[in-house]
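Novice: Sequence first, predicted model second:
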Amino acid sequence: MSLPVHLQSRYLPLGDQRTGRLYGQDVLSVSQFCRDDLEYIFGVAEAMRTMVAHIGTVDLLKGKILANLFYEPSTRTSSSFAAAMERLGGSVIQINEVRYSSVAKGESLPDTIRTLESYADVIVLRHPETGSAAIAAQHGRKPIINAGDGIGEHPTQALLDLFTIREELGTIDGLTVTMLGDLRYGRTVHSLARLLSLYNVRLNYVAPEILRMPAELLEQLNAKGVHQAEYDTLDPVMAETDVLYVTRVQKERFADISAYDAVKGAYVITPETMARFPSRMALMHPLPRVGEIAPEVDSDPRAAYFRQMEFGLYVRMALLAMVLGKA
Amino acid sequence: MSLPVHLQSRYLPLGDQRTGRLYGQDVLSVSQFCRDDLEYIFGVAEAMRTMVAHIGTVDLLKGKILANLFYEPSTRTSSSFAAAMERLGGSVIQINEVRYSSVAKGESLPDTIRTLESYADVIVLRHPETGSAAIAAQHGRKPIINAGDGIGEHPTQALLDLFTIREELGTIDGLTVTMLGDLRYGRTVHSLARLLSLYNVRLNYVAPEILRMPAELLEQLNAKGVHQAEYDTLDPVMAETDVLYVTRVQKERFADISAYDAVKGAYVITPETMARFPSRMALMHPLPRVGEIAPEVDSDPRAAYFRQMEFGLYVRMALLAMVLGKA
Amino acid sequence: MSLPVHLQSRYLPLGDQRTGRLYGQDVLSVSQFCRDDLEYIFGVAEAMRTMVAHIGTVDLLKGKILANLFYEPSTRTSSSFAAAMERLGGSVIQINEVRYSSVAKGESLPDTIRTLESYADVIVLRHPETGSAAIAAQHGRKPIINAGDGIGEHPTQALLDLFTIREELGTIDGLTVTMLGDLRYGRTVHSLARLLSLYNVRLNYVAPEILRMPAELLEQLNAKGVHQAEYDTLDPVMAETDVLYVTRVQKERFADISAYDAVKGAYVITPETMARFPSRMALMHPLPRVGEIAPEVDSDPRAAYFRQMEFGLYVRMALLAMVLGKA
């Protein structure tokens, strides 16, 4: 999803700013970041990782309040932001019950945002409608961080995915990243592919016919010169894969249940599958998983998906510190 | 709502106390405050406003725990109290799910209160039944702050409304306050009118016939010598109005939908309406709004309703600090 | 409930450890504690009681994060753990909505635990299925505290019950403890009886025929040499009772409503009942109560059930501090 036209000028690449990068800004879309921004964010995230490992918490955001506003539930994302704020010494106001309260009484999103920014210093927003984060940012004075707006964007997920690749393999340039599963509806793979297009990478897409990458996205990345290739199975790309990014193939996507049964086995990662991948690579998944990766794979050192969760904490700590001018 | 007889002696006006005003006490009803109390509370609230603007947070209530007990959802009020406690360095235990837990198992309110005060230092209570805050206070040892009990009281709303008038216009004495909309069922306008009766003000009531101020309240304020006048439309009072307090006219209140359609337009504030008010006045609304004030009015400097939310934070900070003996 | 065999070696009695008792360990079952462990925990809990009385809060766990993961609601237990963590200066991530989120999407408990321990330092788990706390502990790296798993264990309840007896009566050895009500399904009385079997006590069980103590538990305690006796009514044991532990007799347990009506009166504690007990004894109840103890009893100095809630705070503070290596 690109930003609405009226907002694009607010989110030009930040490369020219020397200090206070992201300070006072919103985090709405992966398209607002240039490669230099990403490196800056990842540098801060790495400092957060070191800090957590050695001290656990700092008081960088002491006295700051995060409103964690979730119009739809997401334990994982919500907890991750809450922990990120608390590890920086800040406080969290959790708002889950929006369906029962002011919003249920018909209050508009802009009014809710303006109310919450009377109390809070930064707002994390999860909303089922595409574009809602941009609307919130348009009406708010305080930084908004988009934690997923429908089939639109979930930029912090894409940032943590990229950070995970960098931490696991030491670099991003030169890698071959294979994306597996539901590439048609998967918000995370779309955003990650866009971010990866800022680097020198090769992208493989492995999906059933009806769940292939949208043509529009293929064209956009093609125009940028990204090497992309599509496959039906993992076999041809296993040997060259540095990162395997697995997503869930949902039965409900198939009109015909026999079509689902025919393909599902091809998209489950087992120890046998892992045996055919290089000894140095990273197996990723945005979680939750429901059968896409067998639990027996968890003990494989290449299984990066739980570390991926942890890296999400550091990326969110970095973003919170940056938008509040403390990084 | 007046206090139950057995509690009235606990809530005599506090004017004679020199130190620790409100310390260890409950905040149950606007009727417990004399004018001197209000001035004291507003003085503390103003100090909180200055503190938040310059520092953001203090550690005045560090180590204190607020139990935010909401038997019915109210994102706005709940968040405001949580932020107030956190900006004072305290911690919050949020209890929203009472309908699913001990209470659903049939536990009495007094038992729930006594349990929570084993853990917490102060309890904020929102409950659907009138008088429940007084019952809670009767059984509890720790301070109870009433955050709305049914059609009864919502004293902190009335206090923040009054504080808003004072901050916006510099004074309360001598003002003409016009209340608009549903004056029959509106808890907020009833409490505000009672508080305003402690000052030298003129009150205009503009409402459809079936939503007029209750006769009982009119008589009470009349007995106190308050100048009151009732109208069908805003036209006659626009020029003299210093504060316009808008409330929502709910369609459901009308037995006949055509009666609703006939009046609804008269109670919507637009830029055209605002053009006919004095250039110095305050437009207030307790929020959430659902169409009573057009969004185009938001940029009018007289539109005070979002600042009103912010002032609520300061008033609640003041009350928490006072009942815990730290103001 | 005994621990699964594969976990038993992890939970041998801790008596030989000189320092850091419980550090990094899970709290899953009362069966993991020897008497020496209990005395150590109660010593720390007493220190917490003194600290709260004099200071209110310390910064012992500053920077530590508790994930309070409740798959089923329990305001009382959840609030108690949250307050315990906050009184020690730590932070809490509250997760109540598991039925709506990742878990509802089919995520396994081990995956949820591994995700949360990416963010948090300790996990408190309430889950409807017996054995789930042990499963969580098996897959997690961070300490798990069982806050109730189905009809299985609720060890912190049993610990606070025992601590309450100790605080109220100064000792545990030599006491006669009478348990009343639903002894068949009551998780709390089972766990408490097991813990009491580590001391020199006499146990009386007073229950309707269909709600008697399970034969298996009677035999286990008999094998340990505990003096146990069963009764239909309180009359024969009133004079000798030092502790009366009341639980709720649920109407739904009876196939025949007339059978319920026949017994229910015998299990309600009134001031008249209390008049027949010794002047020095403790009346306990895990709460919530729904009619088992008349409110008129609350002012009796022997009514210990609200202090019991408060003692729960200190026991949970002790456990949190210990598993995090700070006690």
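Specialist: Thanks, I have it. Numbers count the residues shown, from 1 in each chain, chains lettered A, B, ... in the order given.
Novice: residues in contact with the nearest residue to A:Arg248 once chain neighbours are set aside?
Specialist: Using Cβ to Cβ, 6 or more residues apart in numbering or on different chains and skipping residues adjacent in sequence, the residue nearest A:Arg248 is A:Glu292, 5.4 Å away. To be clear about C-beta, it is placed using only N, CA and C from the backbone, and glycine gets the same treatment. Applying Cβ atoms under 8 Å, 6 or more residues apart in numbering or on different chains, we find A:Glu292 in contact with A:181, A:246-249, A:267-269, A:285.
Novice: OK, contacts around A:Gly24?
Specialist: Contact analysis of A:Gly24 by Cβ under 8 Å, 6+ apart lists A:143, A:323, A:325.
Novice: Hmm, which of the contacts of A:Glu292 is lowest in pLDDT?
Specialist: When those are compared by pLDDT, A:Val249 scores lowest at 83.
Novice: May I have the secondary structure class of that residue?
Specialist: Here A:Val249 takes the coil state, with states given by DSSP: H, G, I helix; E, B strand; the rest coil.
Novice: and it, how many neighbours does it have?
Specialist: 24 (other Cβ atoms under 10 Å in any protein chain shown).
Novice: Hmm, A:Ala266 and it touching each other?
Specialist: No - the pair A:Val249 / A:Ala266 is not scored as a contact, 9.1 Å apart, by Cβ atoms under 8 Å.
Novice: remind me which residues of chain A are low pLDDT?
Specialist: By pLDDT under 70, the weakly predicted segments of chain A are A:1-19, A:97-106.
Novice: Mind jotting down where the strands sit in it?
Specialist: Using DSSP state E, the strands of chain A run over residues A:65-70, A:91-95, A:122-127, A:144-149, A:176-180, A:202-206, A:227-231, A:243-246, A:282-284.
Novice: do you know which of these lies nearest chain B?
Specialist: strand A:91-95 (4.0 Å; Cβ to the nearest Cβ).
Novice: Report the strands that pair with that closest one, each with its relative direction.
Specialist: Using DSSP bridges, strand A:91-95 pairs in its sheet with strand A:65-70 (parallel).
Novice: how about the nearest residue to the residue nearest to the spatial centre of chain A, chain neighbours excluded?
Specialist: In chain A, the centroid-proximal residue (Cα atoms, centre = their mean) is A:Gln157; its distance is 1.1 Å. Spatial nearest neighbour of A:Gln157, chain neighbours left out: A:Thr188 (5.3 Å); criterion: Cβ to Cβ, 6+ apart.
Novice: didn't the one you found look like it was pressed against A:Met284?
Specialist: No - using Cβ under 8 Å, A:Thr188 is not in contact with A:Met284; the gap is 9.8 Å.
Novice: Quick check on the two: which one has the bigger neighbour count.
Specialist: A:Met284 (27 against 20).
Novice: In this structure the more buried one contacts A:Thr241, no?
Specialist: No - A:Met284 lies out of contact with A:Thr241 (Cβ under 8 Å); the separation is 11.2 Å.
Novice: Please spell out the ChimeraX selection for the buried subset of the contacts of A:Glu292.
Specialist: To isolate the buried ones among the contacts of A:Glu292 in ChimeraX, judged by 16 or more other Cβ atoms under 10 Å in any protein chain shown, type:
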select /A:181,246,247,248,249,267,269,285
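Novice: In JSON lines: the contacts of A:Glu292, plus distance to A:Met48.
Specialist: JSON lines is the format used below for these (distance: Cβ to Cβ, whole Å):
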{"residue": "A:Gly181", "distance to A:Met48": "30"}
{"residue": "A:Val246", "distance to A:Met48": "26"}
{"residue": "A:Thr247", "distance to A:Met48": "27"}
{"residue": "A:Arg248", "distance to A:Met48": "29"}
{"residue": "A:Val249", "distance to A:Met48": "34"}
{"residue": "A:Tyr267", "distance to A:Met48": "34"}
{"residue": "A:Val268", "distance to A:Met48": "34"}
{"residue": "A:Ile269", "distance to A:Met48": "30"}
{"residue": "A:His285", "distance to A:Met48": "23"}
